[in-house]
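Asks: Quick one, fold the following:
(one chain, ligands or ions: 1)
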Amino acid sequence: MKKELSPKQILAVRCPTCAAAPGEKCELNNGQPRNNPHLDRRLIAKD
Ligand SMILES: [Zn+2]
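Replies: Model prediction:
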């Protein structure tokens, strides 16, 4: 059974890569919002 996290679950944790706060989207280095959350954030949200 494959576990897929919903965007809501991923956004519930802080991103370790870009330091996006919970509830906020990941950002690129130039401050633009990323379309997808960082990989590390998804891994943390899985725990
Ligand atoms: Zn991020």
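Asks: and Asp40, which of the three is it?
Replies: With DSSP: H, G, I helix; E, B strand; the rest coil as the basis, Asp40 sits in helix.
Asks: was I right about it contacting Pro16?
Replies: Yes: assessed by CB atoms under 8 Å, Asp40 is found in contact with Pro16 at 4.9 Å. For glycine as for every other residue, the C-beta is placed from the backbone atoms N, C-alpha and C.
Asks: Show me which residues of this structure are close to the ion?
Replies: Cys15, Thr17, Cys18, Ala20, Cys26, His38 (CB under 5 Å from the ion).
Asks: Do a quick rundown of the helices in the chain.
Replies: Along the chain, counting by DSSP state H, helices occupy 7-11, 39-46.
Asks: For the shortest one, list every residue counted as buried.
Replies: Counting neighbours by 16 or more other CB atoms under 10 Å, one finds that the buried residues in helix 7-11 are Ile10, Leu11.
Asks: what sits up against that helix?
Replies: Pro22, Gly23, Glu24, Lys25, Pro37, Arg41, Arg42, Ala45 (CB atoms under 8 Å, 6 or more residues apart in numbering).
Asks: can you do 7 Å?
Replies: Pro22, Gly23, Pro37, Arg41, Arg42, Ala45 (CB atoms under 7 Å, 6 or more residues apart in numbering).
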